[in-house]
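In: got a predicted model here, sequence first, then my questions.
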Amino acid sequence: MELSDSWELFSALEKLKLLENSPPLWWPAYGNFEVVVGAVLTQNTQWSRVEISLENLRSHELLDPAVLSQCHNESLMELIRPSGLFKAKASNLIRLSHNMIEKFGDFETFSLSVERDWLLSQKGIGPETVDSILCYACAHPAMVVDSYTARLLNAFGYEFESYDELQEWCEAGIRGYFDTVQLPAAFARFHGMIVEYVKRNSKGKVVSKEQLLIQKY
């Protein structure tokens, strides 16, 4: 199968019904501050480890930016220890929560008003984390791309030199098929479908073209 653009890939993945057993927009707690925390915690670790950390934070009623911004660093480190890199992640979460409250006042205003450049300026928050926050916490039209995306497209012979180049390819073919209201959900589902597909159809770190189950109809 050859891919002419990202819309063709999106359509093929949709036919496989990959998100049938997932939340409608794939990421749990879509549209909530919990996604911001999860996006930071999932850096360089498995989601199953993040879920343990999130449950710890939930049981201590810390999934609120105003509360989290006042949390002691050592206490937070222990609660998120399962996610790894807990020292850096604790500091980054407290700082991000503090800056969020200071600039926006609350999460609702943040989700409506935040811009990508502001998030990128926050310490410990790279492009993939930023776009995860914009897409899944704030419902902005931002396409998350990651190692799963690169591996899938590499199987079709695509290679990209940067995160931005990969993101632009994925977004370009989708934009013309959805209006501004629909686009955030479309990007959320597209990224989710890519992750689920590669998890189910890859061996090690390579997705071979022979393993792909996508068919052109």
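Out: Received, thanks.

In: residues of stretch 19-34 that come out buried?
Out: Applying a neighbour-count criterion of 16 or more other CB atoms under 10 Å, one finds L19, L25, W26, W27, A29, Y30, N32, F33, E34 buried in stretch 19-34. C-beta: built from backbone N, CA, C; applies to glycine.

In: ugh, wrong one, stretch 119-130
Out: In stretch 119-130, counting by 16+ other CB under 10 Å, buried: L119, Q122, I125, P127, E128, T129, V130.

In: how's the chain carved up into domains?
Out: As assigned by automatic domain parsing, the chain contains the domains 6-25+142-211, 33-137.

In: where among those is the average confidence lowest?
Out: Mean pLDDT across these is lowest at domain 6-25+142-211; the value there is a mean of 90.

In: what number of residues are in the vicinity of K87?
Out: 13 (other CB atoms under 10 Å).

In: which of the helices or strands spans it?
Out: Per DSSP states H and E, K87 falls inside helix 86-104.

In: okay, the buried residues of stretch 119-130 in a markdown table with distance to C170 next?
Out: Listed next are these as a markdown table, based on distance: CB to CB, whole Å:
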| residue | distance to C170 |
| --- | --- |
| L119 | 19 |
| Q122 | 24 |
| I125 | 20 |
| P127 | 13 |
| E128 | 13 |
| T129 | 17 |
| V130 | 15 |
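
In: which of those residues sits closest to A142?
Out: Relative to A142, the closest of the buried residues of stretch 119-130 is V130; by CB to CB it sits at 7.9 Å.

In: what ranges do the strands span in the protein?
Out: With DSSP state E as the criterion, the chain has no strands.
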